[in-house]
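# output the structure for:
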Amino acid sequence: MQRKAYAPAIAALLAALLAGCTGSSDDGGPADDSNPGDTGTASAAAEPGRYRTLPEPCTAVGHSTLDELLPGIRQISDEEQREKAYEGEATVTFDTDRKVGCQWKVDGPQATDHLQVDFERVVSYDSAVSDDSQAEQLYAEKEAAAHLPEPTATESAVAGNTPAGGTSAAPSGSPAGSSPSGTASPSPSTSTAPSTAPSAAPTELQPRVLEDLGEEAFIDDELSSSGSTAKQRTVTVAFRTSNVIVTIEYIEQPATVGVVPDSKELQDRAQKLASQLADSLGD
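Reported below is the predicted structural model:
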């Protein structure tokens with residue numbers, strides 16, 4: 001008879017416990033695994049660039065290429081000095097994971113040649129902007145800073161179709177009455193010394209956008225205007241491949257006053273090096 005007295009109390013306790021266990025789901029509260037700020041979808045992050053590292057700049061240019069770009073290097077008699085010239089000098093940077101470079105300078109009997117190669121790996125810190133897009137923007141700024149001339153109608157028609165070493169177009173700014181070859185008939189007072197007389201650059205040698213080099217590229221060509229010293233020519237080639245921008249600066253200053261560095265020769269050398277570097281990045 002005493003056991004029956006506890007039955008109603010036990011039943012009431014069980015009912016209260018059951019009500020407490022189901023109350024959290026009945027009152028509209030969040031489940032244990034739910035996240036109030038989770039919408040169920042995540043914003044897609046922009047894709048990273050293709051390149052995560054950069055090459056060693058001072059070994060990116062081979063000895064045979066340096067022989068061509070810096071002719072005086074082979075004429076260095078001291079073997080130790082010649083090897084040091086081949087090694088080049090690394091550019092000082094604060095973050096070698098993002099930007100590296102190397103430079104070479106050789107004083108030869110006929111000219112002083114200087115070469116600098118820079119690699120920049122672009123990384124976007126905006127999750128909505130890809131590394132490639134950021135690199136494309138930085139490259140566009142570099143090209144705009146070069147102030148490339150607007151292509152002429154003739155240049156537009158042959159853009160990308162003139163092979164290196166091909167037939168030159170008529171020089172821009174040629175006077176009326178020039179010969180079909182693009183060379184004006186000399187007057188009695190005109191110097192005819194071909195090795196020292198500067199001439200107008202043919203259309204295909206003017207600063208311009210380049211085809212078939214990386215994803216986008218351009219070449220710039222500047223001749224110093226100093227009249228009292230030897231003319232110095234600076235050829236710059238820049239190109240972008242994915243999120244890496246490569247810049248080549250090639251400078252030549254003849255040892256003899258009045259001698260003008262050949263534009264086509266320097267441009268061909270710089271473009272050949274650019275193609276080699278682009279191929280090595282693609283490996």
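
# show me the strands in this protein, by range?
Taking DSSP state E as the test, the strands found in the chain are 89-90, 99-107, 111-121, 208-210, 216-223, 233-241, 244-254.

# in the sheet, who's paired with the closest residue in space to Arg98 that isn't next to it in sequence?
In this structure, Arg98 finds its nearest non-sequential neighbour in Arg121, 5.4 Å apart by C-beta to C-beta, 6 or more residues apart in numbering. Using the backbone N, CA and C atoms, a C-beta is placed for each residue, glycine as well. Note on Arg121: beta-bridge partners by DSSP bridges are Val244.

# ok, which of the strands of the chain comes nearest Leu69?
strand 111-121 (5.4 Å; C-beta to C-beta).

# just the angle for that closest one relative to strand 244-254, thanks.
Angle of strand 111-121 versus strand 244-254, following axes from the mean of the first three to the mean of the last three C-alpha atoms, to 10 degrees, is 170 degrees.

# what is the orientation angle of strand 111-121 with strand 233-241?
Using the same axes, to 10 degrees: strand 111-121 against strand 233-241 is 20 degrees.

# what's the mean pLDDT across strand 111-121?
Strand 111-121 carries an average pLDDT of 97.

# kindly report the same for stretch 212-225.
93.

# now that stretch: buried residues?
The neighbour-count check on stretch 212-225 (16 or more other C-beta atoms under 10 Å) flags 213-214, 216-221 as buried.

# got a list of contacts for it?
Outside stretch 212-225, the residues within contact range by C-beta atoms under 8 Å, 6 or more residues apart in numbering are 136, 139, 143, 146, 148, 160, 198, 201, 205-210, 231-242, 246, 260-261, 263, 266-267, 270-271, 274-275, 278.

# just the buried residues of those.
By 16+ other C-beta under 10 Å, those give 136, 139, 143, 201, 205-208, 210, 231-242, 246, 260-261, 263, 266-267, 270-271, 274-275, 278 as buried.

# sorry, back to before: now the strands of the chain as JSON lines including distance to Thr53?
Listed next are the strands of the chain as JSON lines, based on distance: least, C-beta to C-beta, whole Å:
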{"stretch": "strand 89-90", "distance to Thr53": "16"}
{"stretch": "strand 99-107", "distance to Thr53": "10"}
{"stretch": "strand 111-121", "distance to Thr53": "8"}
{"stretch": "strand 208-210", "distance to Thr53": "26"}
{"stretch": "strand 216-223", "distance to Thr53": "22"}
{"stretch": "strand 233-241", "distance to Thr53": "14"}
{"stretch": "strand 244-254", "distance to Thr53": "10"}
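
# just to revisit the earlier point, among the buried residues of stretch 212-225, which one lies nearest to Gly108?
Of all the buried residues of stretch 212-225, the one with the least separation from Gly108 (C-beta to C-beta) is Asp221, at 21.1 Å.

# ok, now how distant is that closest one from Glu249?
12 Å (C-beta to C-beta, to the nearest Å).

# list the residues that contact both of the two?
When C-beta under 8 Å, 6+ apart defines a contact, the residues bordering Asp221 and Glu249 alike are 234-236.

# excluding sequence neighbours, find me the nearest residue to Gly214.
Distances taken as C-beta to C-beta, 6+ apart put Phe239 closest to Gly214, at 3.6 Å, once the chain neighbours are dropped.

# thinking again about what came up before, which among the strands of the chain is found nearest to Leu66?
Of those, nearest to Leu66 by C-beta to C-beta is strand 99-107, at 6.5 Å.

# tilt between that closest one and strand 244-254?
Put simply, strand 99-107 runs at 10 degrees to strand 244-254, going by the same axes, to 10 degrees.
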